[in-house]
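# Sequence first, then the predicted structure, then my questions.
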Amino acid sequence: MAYRHIQMPTDGDKIRMVQDKLQVPDNPIIGYIEGDGIGPDITRASLRVWNAAVEKAYGGRRRIHWCELYMGEKAAQLFDGDYFPQETKDTLKDIAVAIKGPLTTPVGEGYRSLNVALRQQLDLYACVRPVRYYQDVPSPLRHPEQVDVVVFRENTEDVYAGIEYESGSPENERLARFLRDELGERFFEDAGLGVKPISPFGSKRLVRKAIRYAIDQGRESVTLVHKGNIMKYTEGAFRTWGYEVAKEEFRDRIITEEELYNEYGGKQPEGKIVVKDRIADIIFQLLLLRPSEFDIIATMNLNGDYLSDALAAEVGGIGIAPGGNIGDEVAVFEATHGTAPKYANQDKVNPSSMLLSGVLMLEHMGWNEAADLINAAYPQVIGEKFVTYDFARQMQDAHVVSTSVFADTLIAKITGSASDLARLEQQRRETLENERKQREAQRVKDPLRAMKASGRRPMTAGHVMSAIKSVPNDASVEEAISRMGEQGISSILVEPDAQGVWGIMTQRDIVTKIVSANRSASRIKVNEIATRPLVTVSVDATLQAISMTMAENGIRRVVIEERGAPVGIVSETDLVEIVEEFGWGPEE
Ligand code: NAP
């Protein structure tokens with residue numbers, strides 16, 4: 001392809017997408033757009049760090065061949081006022097991977113935003129924001145080290161699709177009339193109107209990408225975040241389609257959270273990722289209080305917007321948050337802050353957002369060794385308090401350094417003690433793995449408590465039941481009482497009698513049929529005082545159905561059965577605990 005200004009490196013090879021898989025040669029051509037304002041400062045510094053990490057990790061065997069692309073003010077100068085030239089679009093499609101600095105949105109040039117134009121024109125549908133804590137970065141959390149989450153935010157749909165009609169406009173009036181007259185909807189006069197499209201296509205491709213990332217990066221879980229309890233046909237449908245794609249396309253690699261508890265007793269099988277979902281409002285609380293339970297989050301545009309910024313604020317603010325916009329053909333990584341024009345060309349600002357977006361890019365390429373070196377060197381430099389002015393403001397006794405000196409210090413760490421750095425990153429991974437095992441042990445020990453603690457309201461008998469404890473039909477009442485005492489339970493199941501029917505003996509049976517009747521606990525068999533047949537409900541019964549069964553039969557506990565056999569028991573106390581913990585009534 002002949003270009004006016006872009007010079008394609010002649011000694012590099014292009015990255016290719018073959019059958020949905022990125023094929024990265026050892027000498028890939030990667031695009032960079034330096035951006036406006038502070039963009040050139042942070043790009044220059046970051047390029048040096050990425051090159052040093054790749055050189056150190058692969059000893060010259062791999063090297064990136066950079067290709068400058070033009071967008072924003074620099075493009076406008078070179079291309080007669082065109083801020084997003086066709087040849088930049090063509091090259092991005094051709095080389096598949098690029099990274100960019102911040103861009104000024106030109107006023108009155110026909111763009112809502114250059115960034116939006118980039119995402120839309122190249123169909124970069126997944127906005128990926130990794131958020132993890134680097135030691136010593138100022139944070140408002142007590143345990144920010146527990147935050148290691150990647151948000152996959154859908155980029156093209158939702159209320160961001162731009163289908164909005166201004167109050168008083170003729171389009172608004174037409175739509176309002178249609179909604180009122182044809183569909184019987186009611187809303188206040190002159191309301192502005194917006195449409196929230198959420199499609200199976202858009203939802204599924206986003207969730208697919210999140211699950212693939214989780215598999216490639218050896219992550220633990222993918223959480224679908226939605227407000228489906230209220231917006232059933234948009235947010236609720238996103239959840240449904242998310243589970244569909246997980247089960248239809250990744251059945252051998254995923255289990256659902258339901259399956260984790262119901263089939264595996266809380267123990268996550270080796271090599272499987274757990275797919276779960278959470279309501280959008282509770283997730284904010286959970287990400288503050290229990291961030292270690294979340295790993296990859298897949299959600300729609302608006303939820304993702306809020307969540308990415310809230311999470312970034314937990315670990316040092318959006319000033320250092322990296323990001324990427326990824327489609328099926330092209331991925332463009334980017335600094336997430338703006339152009340901060342007042343600091344342009346002063347070699348002053350923090351290059352972290354750009355730098356760490358490059359780490360995400362290296363991971364996207366599968367060059368994890370180089371990414372690890374930067375990840376491990378970064379907290380060391382911050383720990384020694386060599387920081388740019390913005391971090392220095394929040395630290396005591398910091399050494400304030402320029403953008404380029406910050407990069408030099410980082411490079412010195414990367415090139416000086418690489419084996420140490422690799423060990424540090426390994427240690428961090430081991431710590432996270434140990435924490436995961438502890439959570440798992442907790443889940444296995446007390447699945448109900450773990451489920452409640454993780455913000456998931458139990459909905460069915462299977463979620464709340466305790467495993468059954470039983471005694472043989474011919475055991476004495478005394479033996480049964482002693483089993484109940486050991487287990488701390490107030491009833492015990494009695495194994496099938498000659499007719500094959502299960503029974504139950506409760507504390508009340510002991511009081512009414514042994515104590516008040518003055519009979520011998522050691523001579524009477526449980527068989528004689530057990531209640532038969534059992535009142536049972538299926539493992540899928542709702543909590544409401546269970547309580548109705550209890551009320552109808554005047555009993556305080558029901559036995560849960562699956563395929564004709566008892567598998568658990570639910571008591572009144574279990575139900576009351578759920579109400580205490582989560583409240584009751586239609587969800588809001
Ligand atoms: P901004 O450029 O992000 O700057 C706001 C403030 O954030 C700065 O004054 C500075 O705070 C701090 N800051 C930003 N980047 C920093 C860095 N690398 N190191 C240290 N501090 C940093 O936001 P804005 O002023 O609202 O936007 C300016 C322009 O950027 C606008 O034209 C906007 O359209 C554009 N923009 C582009 C993108 C993008 O391309 N992705 C994103 C957002 C905005 P202090 O003054 O406190 O030091």
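The structure has been received and is ready for your questions.

# now what about stretch 253-263, what contacts it?
Residues from elsewhere that reach stretch 253-263 (CB atoms under 8 Å, 6 or more residues apart in numbering): 211, 215, 222, 243, 246-247, 264, 266-269, 271-277, 443, 447, 451, 456, 462-463, 539. Glycine gets a C-beta too; all of them are placed from N, C-alpha and C.

# Those in helices, which ones?
Counting by DSSP state H, the part of those found in helices is I211, I215, Y243, A246, K247, R443, P447, M451, G462, H463.

# Return the helix or strand hosting W66 as PDB; C-alpha atoms alone will do.
In this assignment (DSSP states H and E), W66 forms part of strand 65-68. Written as PDB, here are the backbone C-alpha positions of strand 65-68 (Å, rounded to 0.1, in the frame of the first residue of the first chain):
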ATOM      1  CA  HIS A  65       9.300  -2.600  14.800                       C
ATOM      2  CA  TRP A  66       7.400   0.600  15.600                       C
ATOM      3  CA  CYS A  67       5.400   2.400  12.900                       C
ATOM      4  CA  GLU A  68       4.200   6.000  13.600                       C
END
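
# Flag every buried residue along it.
By neighbour count with 16 or more other CB atoms under 10 Å, strand 65-68 contains the buried residues H65, W66, C67.

# Tell me the buried residues within the contacts of stretch 253-263.
211, 215, 222, 243, 246, 264, 266, 268, 272-277, 443, 447, 451, 456, 462-463, 539.

# Contacting the ligand as well, which ones from these?
Contacts with the ligand are made by none of these, judged by CB under 6 Å from any ligand atom.

# Run through the residues of this structure sitting next to the ligand.
38, 42, 102-105, 115, 319, 334, 337-340, 349-350, 390.

# Derive a PyMOL selection command for the buried subset of those residues.
Buried subset of the residues of the chain next to the ligand, written as a PyMOL selection, criterion 16+ other CB under 10 Å:
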select buried, resi 38+42+102+103+104+105+115+319+334+337+339+340+349+350+390
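
# So for the residues of the chain next to the ligand, which is the shakiest by pLDDT?
Least confident of the residues of the chain next to the ligand in the model: G319, at 70.

# I figured it was touching P351, is that so?
No - here G319 does not reach P351: they are 10.5 Å apart, not a contact under CB atoms under 8 Å.

# most centrally placed residue in the protein?
I297 (1.7 Å; CA atoms, centre = their mean).

# got a list of what the closest residue to the ligand within the stretch 101-250 of the chain touches?
In the stretch 101-250 of the chain, the residue that lies nearest the ligand is P102 (3.6 Å; CB to the nearest ligand atom). P102 is in contact with G35, D36, G37, I38, G39, E334, A335, H337, G338, T339, A340, counting by CB under 8 Å, 6+ apart.

# now, which of these lie within helices?
Mapping those onto helices (DSSP H) picks out G39.

# Closest one of the contacts of P102 to the ligand?
G338 (2.5 Å).

# Could you look up the SS state of the residue at the greatest distance from the centre of the chain?
Residue farthest from the centre of the chain, counting by CA atoms, centre = their mean, is N518 at 60.9 Å. Recorded secondary structure, N518: coil (DSSP: H, G, I helix; E, B strand; the rest coil).

# residues contacting the nearest residue to P9 once chain neighbours are set aside?
Leaving aside its sequence neighbours, P9 sits nearest to H65 (CB to CB, 6 or more residues apart in numbering; 4.0 Å). Contacts of H65 were listed using CB under 8 Å, 6+ apart, and they are P9, D11, G12, N27, P28, I29, I30.
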